[in-house]
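**Student:** requesting a structural model of the entry that follows:
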Amino acid sequence: HTHTHTHTRTHTSAQQALPVGGYTSLFVSLLSNPNITVALSSDFHNLEHVLRPPTPTNAHTHTHTHPPPLFYTGPVDRFFKSADLGELEYRSLRFEHSLHYNVGYVQSSSVVNYPSGDAPMTRTVEYKHFLSQKSPHSVVVTEYPSEHGEPYYPVPSESNKRLFKQYQRLADAAAQDLKVHFVGRLANYKYINMDEAIDMALSAFDAHVAVTRSA
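**Tutor:** This next block holds a predicted model:
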């Protein structure tokens, strides 16, 4: 990002906040719900029959009941891998952790960015700043860009944009015909911040779950 102002924060939103206890605490709380089952190291397509078993047929009308909505947040090209359209490009990150003892704070701010092309890292983050944690020690995480690893950021080249439009048409059809809804950064091949991701999730729930329950 290129900034043309003198604000000390990356974002200029009037309200800025973090979840109480941080994002780890938020997701631990969410996933502790007894209605949620977590399956790690699992391919989505191997679990699809569990998530959406065959819908029963109404004995009187001989019609199938509508399947429950399914929300997919993974890479859209992986969902439609069988379409054989090709892979979208993603940029990943490599993290290095360094421990610092009896130093108080290592950095004067939580995040230090390195926009220079001569710097191998993208930024360094000292998480202790975020929640005003009290400790004589600290941890600094250095982030390096990588072409390999878990996908984090879309690569908005013209060829990727053209390819994504093909996947988007498939996703729109799946939402219409199969009630599969594509939510989040990877499923929409778009960079979005956490507040936007949370808003997208809540809006999807209101549009496809809350409406169904009230009908």
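
**Student:** only C-alpha atoms for contact and neighbour calcs from this point on.
**Tutor:** Noted.

**Student:** where do the strands sit along the protein?
**Tutor:** Under the criterion DSSP state E, strands of the chain are mapped to 70-72, 90-100, 111-113, 123-126, 138-146, 153-154, 180-182.

**Student:** packing partners for the fifth one?
**Tutor:** Looking back up the chat, that one is strand 138-146. strand 90-100, strand 123-126 (3 or more CA pairs under 8 Å, 6 or more residues apart in numbering; DSSP states H and E).

**Student:** residue 197 contacts residue 185, doesn't it?
**Tutor:** Yes. The pair residue 197 / residue 185 is scored as a contact, 7.4 Å apart, by CA atoms under 8 Å.

**Student:** more neighbours: these two, which one.
**Tutor:** Using other CA atoms under 10 Å as the criterion, residue 197 and residue 185 rank with residue 185 on top: 22 against 15.

**Student:** how much space between the more buried one and residue 194?
**Tutor:** 10 Å (CA to CA, to the nearest Å).

**Student:** so what's the closest residue to residue 127 other than its chain neighbours up against?
**Tutor:** Nearest non-adjacent residue to residue 127, counting by CA to CA, 6 or more residues apart in numbering: residue 110, 6.2 Å away. Contacts for residue 110 (CA atoms under 8 Å, 6 or more residues apart in numbering) come out as 125-130.

**Student:** of those, closest to residue 80?
**Tutor:** Among the contacts of residue 110, residue 125 lies closest to residue 80 (CA to CA), at 35.4 Å.

**Student:** OK, contacts around the closest one?
**Tutor:** 110-112, 140-142.

**Student:** now do 10 Å
**Tutor:** Residue 125 is in contact with 97, 106-107, 109-113, 139-143, counting by CA atoms under 10 Å, 6 or more residues apart in numbering.

**Student:** and it, bridged to which residues?
**Tutor:** Beta-bridge partners for residue 125, by DSSP bridges, are residue 111, residue 141.

**Student:** so how far is residue 134 from it?
**Tutor:** Relative to residue 134, and taking CA to CA, residue 125 is found at 17 Å.

**Student:** flag every buried residue along the lengthiest helix in the chain.
**Tutor:** Selection of the longest helix in the chain by residue count, based on DSSP state H, yields helix 158-177. By 16 or more other CA atoms under 10 Å, the buried positions in helix 158-177 come out as 160, 163-164, 167-168, 170-171, 175.

**Student:** just the pLDDT for residue 1.
**Tutor:** Note for residue 1: predicted pLDDT of 57.

**Student:** name the nearest residue to residue 75, sequence neighbours excluded.
**Tutor:** residue 186 (4.6 Å).
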